[in-house]
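In: the amino acid sequence is not available; the structure is as follows:
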C-alpha cells in the first residue's frame, strides 16, 4: 500500500540539496528507460542520449538499462539503439543508413552530425536490457541487481535516473514497484531522479491522484515532469529577451502591448495516434501543457533569481491569475474544431478526422482549439492572449507574437500603418523577428513594414539542439528550472477542466475546417469582434 505523502504545500517547500546534488555539472549515472521498446525511446530518447554523449569532453558518463515487457537480448537492444542513434547518418552496426521517423510534432532532431561506426559502438556498449511486466516484483529485483552490477562495472557513483516512457496508464504500477523494491531513495552521497512524460493525468482529479502516488515514493525535488517544448532554445530565449535586455522589459505590460498571440500549428493529421487522440483531443494534448506553458512564460513577473523554485513560483502566479472559464465564457471565448477532408503536402488529398483509421465516424473529439484568455493582474489587465492549436493546418509552425499598441499620435496619416510585432519563432526554424516601419527610398514619404530577423542557425552556425537532450541533461545536473511542478500541473488542469465539462455535455458547437486551412471561420470571428485579426505565420 502506498504510504501517505506529505500534503502538496509541504511537499513543494524548497529543500536544501541532498548529498550528491549538483546544479552545475552533470554527474555520472545509470539511466533506466521504462518503455524501452516503445516509439518514444527510439525516436526521441536514444538520439537525445547520443547527442549528450557526443558533447566531449564535457559529456557525463552514463549507462542505459532498458526495461519493457517485450523480451529481447542486450545485443538486440544495442542494435536498436545504434539504429536509432544513427538514423541521421550511417552505421555499420545498424546495417546502413536508417530513415529517421517523424513524430506527431515532427520537430525534434536526434543529432547534428553523422555518427561513425566507432563512435556508435562506444555509445551502445553501455546499453543493457531487463524484460518484465510493469507490475511484477521479481522484474524489479532483477533491475535492482542489474543496477548494482552496472554501477560497479562503470563506477557511476550510485546515481540513478528513471525515465517513464510507458503509456500513462502504467505510471502508477511502475512507481509503486520502484518504491517496493527500495529503488526510489538514494543511498549515501548518490542521487535518484525520475522524469515523467506528459500527459500527467487526463483531468484535475487524475492529476491529483498521480501526484499522490508519485509523492508517496519520491520527494518533489526528485521528480521532473517533462514538457519538451520548454527545452527549445527560443522558448528559453524568451526569458533572456525580457530579463537580459533593458529595451524590452519596460515595454512588457498593458501600457505598450495590445495583445499576445500563441500559435502551435501542425500540418499532420492524427497519423497513428487515433487510439490516444480520441480520448485526449487538442485541449488535453496541447492546450493544458504546451500552450499554457508558453503563455505563463510570456506573462510571468521577473523572478528573484533564475532558478527552479523562483521561476516556477512566478509561473504558478500567472496560472492562478487567469480568469476562470465559466460555461458562459466557454461559449463565448473558446472555439473547438475538427478537420474535414481537404488537401495537404502540395495538393495531396487527405481524409477528414472522422475518416481516419481508428476514429469513430461520429466522433466529437476536437482537433483544433482557439481561445481568448485574460490574466487578472496589474501587468496584463485588459490585454487578451489569443491561443490556437490544431492538426491538419496550412503548415507546421509554432510562434509567440507580441502585438504592440499603435503610436498615440499618427504623424504619417493616410499610410494605413499597423502596429509593431515582436515574433518568437519556435519551429520549424528558431529565431526572433521585430517588425517595424521604415521609409522607402525616394522623395515621397512612403512607409513600408520591414523586419529585423535573428536566426539561431544564422547567428551561431550550428544546428538546433534536441529539446529532449537539453532537458535530460538538465535532469542529470539536478536543474529543474524547465520542468513542471506538481502544483503547476494541477493549476493547468483547473483551468482546462471546466472547458472539458462544457464540451462533454455538448453545450458548445463543433466547428468544421478544411484540412490545409488555418482553422474554422469561428476562430477568425473570435478576434474580429475585438477589432483584431490572426497574424499569418
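Out: Thanks, I have it. Bear in mind the structure is a predicted one, so any value in this text is a computation, not a measurement. Numbering: from 1, shown residues only.

In: for the stretch 401-537 of the chain, what spans make up the strands?
Out: Assigned by DSSP state E, counting those that start in this stretch, the strands in the stretch 401-537 of the chain fall at 421-427, 431-439, 447-455, 511-514.

In: test my guess that residue 520 contacts residue 510.
Out: No: contact status for residue 520 versus residue 510: not in contact, 9.3 Å apart, counting by C-beta atoms under 8 Å. To be clear about C-beta, it is placed using only N, CA and C from the backbone, and glycine gets the same treatment.

In: the two: which is more packed in?
Out: Each of residue 520 and residue 510 has its neighbours counted (other C-beta atoms under 10 Å); residue 520 has more, 24 against 17.

In: quick check: closest non-adjacent residue to that one.
Out: Spatially, and ignoring its direct neighbours in sequence, residue 520 is nearest to residue 511 (3.7 Å; C-beta to C-beta, 6 or more residues apart in numbering).

In: tell me the contacts of residue 164?
Out: The contact partners of residue 164, taken as C-beta atoms under 8 Å, 6 or more residues apart in numbering, are 34-35, 171, 174-175, 194-197.

In: against residue 50, how distant is it?
Out: Taking C-beta to C-beta, to the nearest Å as the measure, residue 164 and residue 50 are separated by 20 Å.

In: residue farthest from the centroid of this protein?
Out: Ranked by distance from the centre of the chain (C-alpha atoms, centre = their mean), the top residue is residue 443, with 50.4 Å.

In: phi, psi for residue 167 please.
Out: Here the main-chain torsion angles of residue 167 (degrees, to the nearest 10) amount to phi -60, psi 140.

In: for it, what are its contacts?
Out: If you count contacts by C-beta under 8 Å, 6+ apart, residue 167 has them with residue 35.

In: the same query, at a cut-off of 10 Å, please.
Out: Contact analysis of residue 167 by C-beta atoms under 10 Å, 6 or more residues apart in numbering lists 35, 38, 134, 197, 275-276.

In: dump those residues to CSV, plus pLDDT, distance to residue 309 and neighbour count.
Out: As requested, the contacts of residue 167 are arranged in CSV below (pLDDT from 0 to 100; distance: C-beta to C-beta, whole Å; neighbours: other C-beta atoms under 10 Å):
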residue, pLDDT, distance to residue 309, neighbour count
35, 95, 30, 23
38, 90, 33, 16
134, 96, 32, 22
197, 90, 23, 21
275, 83, 38, 13
276, 85, 33, 15
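
In: secondary structure for the contacts of residue 164 - can I get that in a markdown table?
Out: Formatted as a markdown table, the entries for the contacts of residue 164 read as follows, by DSSP: H, G, I helix; E, B strand; the rest coil:
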| residue | secondary structure |
| --- | --- |
| 34 | strand |
| 35 | coil |
| 171 | helix |
| 174 | helix |
| 175 | helix |
| 194 | strand |
| 195 | strand |
| 196 | strand |
| 197 | coil |
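
In: from these, which has minimum pLDDT?
Out: In terms of pLDDT, the least confident member of the contacts of residue 164 is residue 197, at 90.

In: that residue against residue 168, yeah?
Out: Yes: between residue 197 and residue 168 there is a contact under C-beta atoms under 10 Å: 7.6 Å.

In: re earlier: tell me, what's touching residue 520 and residue 510 both at once?
Out: Common contacts of residue 520 and residue 510 (C-beta under 10 Å, 6+ apart): 335-338, 368.

In: ok, and the most crowded of these?
Out: The member of the shared contacts of residue 520 and residue 510 surrounded by the most neighbours (other C-beta under 10 Å) is residue 368, with 31 neighbours in all.

In: specify which member of the contacts of residue 167 is nearest to residue 265.
Out: Proximity of the contacts of residue 167 to residue 265 (C-beta to C-beta) peaks at residue 276, which lies at 19.6 Å.

In: does the closest one touch residue 198 like I think?
Out: No: if you go by C-beta under 10 Å, residue 276 and residue 198 don't touch, sitting 11.7 Å apart.

In: joint contacts of the two?
Out: Counting by C-beta under 10 Å, 6+ apart, the shared contacts of residue 276 and residue 198 are 168, 285.

In: and residue 317, how far from residue 278?
Out: Using C-beta to C-beta, one gets 35 Å for the distance from residue 317 to residue 278.

In: let me see the ranges of the helices in the stretch 151-300 of the chain.
Out: When secondary structure is read from DSSP state H, counting those that start in this stretch, the stretch 151-300 of the chain shows helices at 171-180, 204-217, 233-243, 274-282, 292-299.

In: now the ones you listed as a markdown table including distance to residue 376?
Out: Shown next, in a markdown table, are the helices of the stretch 151-300 of the chain (distance: least, C-beta to C-beta, whole Å):
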| stretch | distance to residue 376 |
| --- | --- |
| helix 171-180 | 34 |
| helix 204-217 | 20 |
| helix 233-243 | 21 |
| helix 274-282 | 25 |
| helix 292-299 | 11 |
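
In: which of those helices sits closest to residue 455?
Out: When the helices of the stretch 151-300 of the chain are ranked by distance to residue 455, counting by C-beta to C-beta, first place goes to helix 233-243 at 10.3 Å.

In: need the strands of the stretch 401-537 of the chain in TSV with mean neighbour count, can you?
Out: As requested, those are arranged in TSV below (neighbours: other C-beta atoms under 10 Å):
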stretch	mean neighbour count
strand 421-427	21
strand 431-439	15
strand 447-455	12
strand 511-514	18
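
In: check which residues of stretch 61-68 are buried.
Out: The neighbour-count criterion (16 or more other C-beta atoms under 10 Å) identifies 62-68 as the buried residues of stretch 61-68.

In: now render these as CSV, adding secondary structure, pLDDT and distance to residue 419.
Out: As requested, those are exported to CSV (DSSP: H, G, I helix; E, B strand; the rest coil; pLDDT from 0 to 100; distance: C-beta to C-beta, whole Å):
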residue, secondary structure, pLDDT, distance to residue 419
62, strand, 92, 49
63, strand, 94, 54
64, strand, 96, 51
65, strand, 97, 54
66, strand, 96, 53
67, strand, 97, 54
68, strand, 96, 53
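
In: and which of those residues is nearest to residue 479?
Out: Of all the buried residues of stretch 61-68, the one with the least separation from residue 479 (C-beta to C-beta) is residue 62, at 16.2 Å.

In: ok, the closest one - contacts?
Out: Residues counted as contacts of residue 62 (C-beta under 10 Å, 6+ apart) are 26-31, 49, 52-53, 126, 150, 154, 156, 159, 161, 472, 476.

In: who does it bridge with?
Out: The residues listed as beta-bridge partners of residue 62 by DSSP bridges are residue 29.
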